[in-house]
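> sequence first, predicted model second:
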Amino acid sequence: MTPGTSTSWWAAEIHEVVVVSGEDAASYLEGQLAQSIVELEIGRGSWSLLLEPDGTLGHLLGVARSDAQQFVLHPGEGRASEVVARLRRFVLRAKVAIEVVPMAIVEMGDDRPEVAGPRLPSVLGATGARVIEASPLDPLEQISMGEVTSRRLEQGLPAEAEGIAGVVPLALGEATVAVAASFTKGCYTGQELVARTTSRNAPPPVSIVAFRARHQVAPGELIACAGEEVGHVIESAWWNDAAVGFVAVARRALKADAGEITSDGGPLDLTR
């Protein structure tokens with residue numbers, strides 16, 4: 001059974017998440033995350049950006065409110081300790097505890113109300129659900145998380161892995177910024193650059209875009225345009241006889257007359 005043939009499936013993995021708890025957890029995170037989370041209902045979640053003080057991207061996160069004074073932040077794989085270090089820099093007198101905790105993250109093909117657990121935003125958008133420490137689940141419907149990732153990449157849907165450090169938030173695309181940042185909440189760390197770059201109506205220096213290719217493409221592989229290095233592969237998977245994934249690519253290579261973009265094995269078809 002695969003995500004492409006039925007919605008009655010689930011996949012589970014143990015991930016390192018960041019748990020922020022304490023009487024000031026909501027107000028503290030409201031000043032650090034780009035998305036407003038103080039109004040999040042218990043058990044619900046949202047995408048958010050965690051930015052550096054200069055406004056450049058630190059991380060794209062899934063955030064869920066697990067109770068009145070506790071939030072679970074789901075960063076990209078291997079990045080939980082970086083998120084903890086970034087958040088602790090600005091705690092000052094806030095009454096919060098910030099720690100890395102391993103938890104089971106369960107992706108489901110649909111949002112079944114009988115499955116208990118706080119909901120993170122699904123990597124498959126509105127069609128799926130992502131639940132922390134979910135229960136109960138039917139083991140007969142289990143698939144691998146790798147299959148879920150491949151399906152997500154085939155659909156060109158971004159997730160935490162695309163939150164590469166140092167780029168401006170708009171590199172993730174207007175659609176991602178729209179769901180991961182609030183333009184009506186109060187101040188938060190890095191807010192000025194988000195507002196400035198999204199109001200300029202100009203493409204960012206680096207963009208993170210989906211690709212498809214008819215040859216194998218490896219994460220970390222360099223890409224070129226007209227013989228010049230213009231970026232690298234962030235994620236890749238082989239799905240339905242094609243390589244699919246995301247690349248970080250320089251603005252000059254996305255111009256209409258820039259020429260063909262290639263990896264080691266041949267051309268890449270980018271979503272421009």
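Thanks, I have the structure now.

> any chance you could map the helices in the stretch 51-200 of the chain?
With helices called from DSSP state H, counting those that start in this stretch, the stretch 51-200 of the chain shows them at 80-88, 145-154, 174-180, 191-199.

> highest mean neighbour count out of the ones you listed?
Neighbour counts (mean count of other CB atoms under 10 Å) averaged over each of the helices of the stretch 51-200 of the chain peak at helix 145-154, with a mean of 20. Where C-beta positions appear, they are placed from N, C-alpha and C, glycine not excepted.

> what residues go with each domain of this protein?
Per the record, the chain has its domains at 10-160, 205-272, by automatic domain parsing.

> among those domains, which is nearest residue 171?
With CB to CB as the criterion, residue 171 lies closest to domain 205-272 of the domains of the chain, at 5.1 Å.

> now the domains of the chain in JSON lines, with distance to residue 172 and mean pLDDT?
Formatted as JSON lines, the domains of the chain follow (distance: least, CB to CB, whole Å; pLDDT from 0 to 100):
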{"stretch": "domain 10-160", "distance to residue 172": "6", "mean pLDDT": "95"}
{"stretch": "domain 205-272", "distance to residue 172": "6", "mean pLDDT": "95"}
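
> would a markdown table of those domains with distance to residue 176 be doable?
Formatted as a markdown table, these follow (distance: least, CB to CB, whole Å):
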| stretch | distance to residue 176 |
| --- | --- |
| domain 10-160 | 6 |
| domain 205-272 | 9 |
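
> select, out of these, the one closest to residue 198.
Residue 198 sits nearest to domain 10-160 of all the domains of the chain, at 11.0 Å, using CB to CB.

> tell me how far the spatially closest residue to residue 176 that is not a sequence neighbour lies from residue 143.
Distances taken as CB to CB, 6 or more residues apart in numbering put residue 158 closest to residue 176, at 5.7 Å, once the chain neighbours are dropped. Residue 158 sits 21 Å away from residue 143, going by CB to CB, to the nearest Å.

> same question for residue 167.
For residue 167, the distance to residue 143 (CB to CB) stands at 32 Å.

> can you give me the distance of residue 45 to residue 66?
9 Å.

> tell me the secondary structure at residue 46.
On the three-state scheme (DSSP: H, G, I helix; E, B strand; the rest coil), residue 46 is labelled strand.

> what about it, how many residues nearby?
21 (other CB atoms under 10 Å).

> my read: it touches residue 37, true?
Yes - using CB atoms under 8 Å, residue 46 makes contact with residue 37 at a distance of 6.6 Å.
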